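# Here is a sequence with its predicted model. Questions after.
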Amino acid sequence: MSMPAKSGSNRTPETGAFFQRDRTWHPPALTPGYKSSVLRSPQKALLSFDNTLSEIAGPVFGHAMLGELDADLIHNFAKPGESAIGERIIVYGRVLDERGVGVSGALLEFWQANAGGRYRHKKDGYLAPLDPNFGGCGRTITGEDGSYAFRTVKPGPYPWPNGPNDWRPAHIHFSVFGHGFAQRLITQMYFEGDPLIWRCPIVRGIADRAAVEALIAMLDMQATIPMDARAYKFDIVLRGRRSSLFENRPEGN
Amino acid sequence: MTQSLGRMKESPSQTAGPYVHIGLTPNFCGIGGVYASDLGGAMANEKTRGERIGLRIRVLDGTGTPLRDALIEIWQADADGLYNSPAELRGAADPNFFGWGRCPTDMETGLCVFETIKPGRVPYQDGRLMAPHISLWIVARGINIGLQTRLYFSDEAEANAQDPILARIEHRVRVPTLIAERQGNIYVFDVHLQGDKETVFFDS
């Protein structure tokens, strides 16, 4: 009998089911303080079942699809020789799973408002101006150890129509595609020290303070580029998975 | 004291918000020139094996109004029931079928249209075959954590009747919420977020 593949290796694919989600850790579907959730939240019980291959399997995104500037939001929409306005930052970290194993080959897509808190979207009517050199989207694929990095400007906070005076803390949206379709996750990264975090109705949908803190990136002065950009470290954790070594499988394994 | 399991917690989900298109389908919302094309658009090419089908999917809120700012991703097996994935150990899937697609709902009508092929049957853990199905993941403003469900096919009544996942639905009146209606080569599927016709969503 051969040795089992090293956990998390992408050479021998893992085929175990994902750990069940802790739905008390995530925000529930209905969070009335965030008004949009009221008519968009399922009210009946979810159907629970252990993953089948349909949930365990997922596509592979190759590095070949990436363009040279995909992970550089300062330049990927800018005119030649120009760059986006704002505080220049590096965001870096790792995508891990709940076992602490780096998730290689994960597709990360991120989007954000510009330095003034305005999105390049026809539905955003905030009076802060668009930056002609800032589109607001980027993407990358994690390395062997789950690491990633991209360059951008720090997004501004902005007011939004929910309560009469609600403001979103500065944030970057992350979409994460790990190894299985059931690992799919969208979340938001917040910035250390922002007083708007704890006032935000979307953030406050998360019950556990430690869970909110898991979404707050820390300033890392050791990773800054002197005279260029500060750095924030943001690790993302996806669902872990069981070993399939001892599971009955009618075929394969 | 004991040893620690040393586990981490999954990052909490946060809503995709109203501007999800900027990140996931920038060309769709007018941000051109960053990516050559939006990911997940073309699912089948002329060499893909299997029956060509279209999916017309809407997502309706608690008042019955279609969401016009949602985004749907689908994931499915090829015509032989094989996934194009490293986790597929039973054989090589059709190299001309990626199996994954992404579509924002139309900003006026709320309609999502996928051009794909009808999937084959995939085995359940115990080896029984599941009915042909497509997995869905739905995000939008107001949805705090992505919604998982499946689309089954109305012309597969016999397979649907034996499907181990559909069999787990206690209230049988809710089973039709997962079955798309065939109209020619198009399957029509309305996802209801709330109400009497609320779709069965999964925790899997």
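That came through, no problem.
# Which helix or strand contains the most centrally placed residue in chain A?
Nearest to the geometric centre of chain A sits A:Phe174, at 2.8 Å (Cα atoms, centre = their mean). Here A:Phe174 sits within strand A:171-177, counting by DSSP states H and E.
# what lines up beside that strand in the sheet?
strand A:107-111 (antiparallel), strand A:185-191 (antiparallel) (DSSP bridges).
# and those as JSON lines, adding mean neighbour count and mean pLDDT?
Glycine gets a C-beta too; all of them are placed from N, C-alpha and C. Written out in JSON lines, the entries for the strands paired with strand A:171-177 read as follows (neighbours: other Cβ atoms under 10 Å in any protein chain shown; pLDDT from 0 to 100):
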{"stretch": "strand A:107-111", "mean neighbour count": "24", "mean pLDDT": "98"}
{"stretch": "strand A:185-191", "mean neighbour count": "24", "mean pLDDT": "98"}
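# Verify the stated contact: B:Leu129 with B:Gly120.
No - in terms of Cβ atoms under 8 Å, B:Leu129 does not count as a neighbour of B:Gly120; the distance is 9.1 Å.
# overlap in contacts of the two?
Taking Cβ atoms under 8 Å, 6 or more residues apart in numbering or on different chains as the contact rule, B:Leu129 and B:Gly120 both touch B:Gly81.
# Let me see the mean pLDDT of the strand holding A:Phe174.
For strand A:171-177, the mean per-residue pLDDT is 98.
# buried sites along it?
If you call a residue buried by 16 or more other Cβ atoms under 10 Å in any protein chain shown, then strand A:171-177 has these buried ones: A:171-177.
# how far is stretch B:105-116 from where the chain is centred?
The gap between where stretch B:105-116 is centred and where its chain is centred comes out at 13 Å by Cα atoms, centre = their mean, to the nearest Å.
# which ones are touching B:Ile72?
So B:Ile72 contacts B:57, B:59, B:102-105, B:112, B:136-138 (Cβ under 8 Å, 6+ apart).
# hey, C-alpha coordinates of the helix or strand where it lies in PDB?
Assigning secondary structure by DSSP H and E places B:Ile72 in strand B:71-75. Only the C-alpha atoms of strand B:71-75 are listed here, as PDB (Å, rounded to 0.1, in the frame of the first residue of the first chain):
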ATOM      1  CA  LEU B  71     -25.400  36.400 -10.200                       C
ATOM      2  CA  ILE B  72     -25.800  32.700 -10.800                       C
ATOM      3  CA  GLU B  73     -23.100  30.100 -11.200                       C
ATOM      4  CA  ILE B  74     -23.800  26.600 -12.400                       C
ATOM      5  CA  TRP B  75     -21.700  23.400 -12.300                       C
END
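# surely B:Gly81 meets B:Arg121?
Yes - the criterion here is Cβ under 8 Å, and B:Gly81 meets it with B:Arg121 at 4.8 Å.
# Find residues that contact each of those two.
With Cβ under 8 Å, 6+ apart as the test, B:Gly81 and B:Arg121 both reach B:129, B:132.
# what angle sits between the strand holding A:Phe174 and strand B:71-75?
Orientation check (axes from the mean of the first three to the mean of the last three Cα atoms, to 10 degrees): strand A:171-177 against strand B:71-75 gives 20 degrees.
# thinking again about what came up before, report the rounded mean pLDDT for the strand holding B:Ile72.
Averaging pLDDT along strand B:71-75 gives 98.
# Show me what secondary structure element comes after that strand.
strand B:100-104.
# Outside of that next one itself, which residues are in contact with it?
Defining contact as Cβ under 8 Å, 6+ apart, one finds that strand B:100-104 is touched by A:58-59, A:181, B:20-21, B:24-25, B:28-29, B:38-41, B:43, B:57, B:70-75, B:112-114, B:116.
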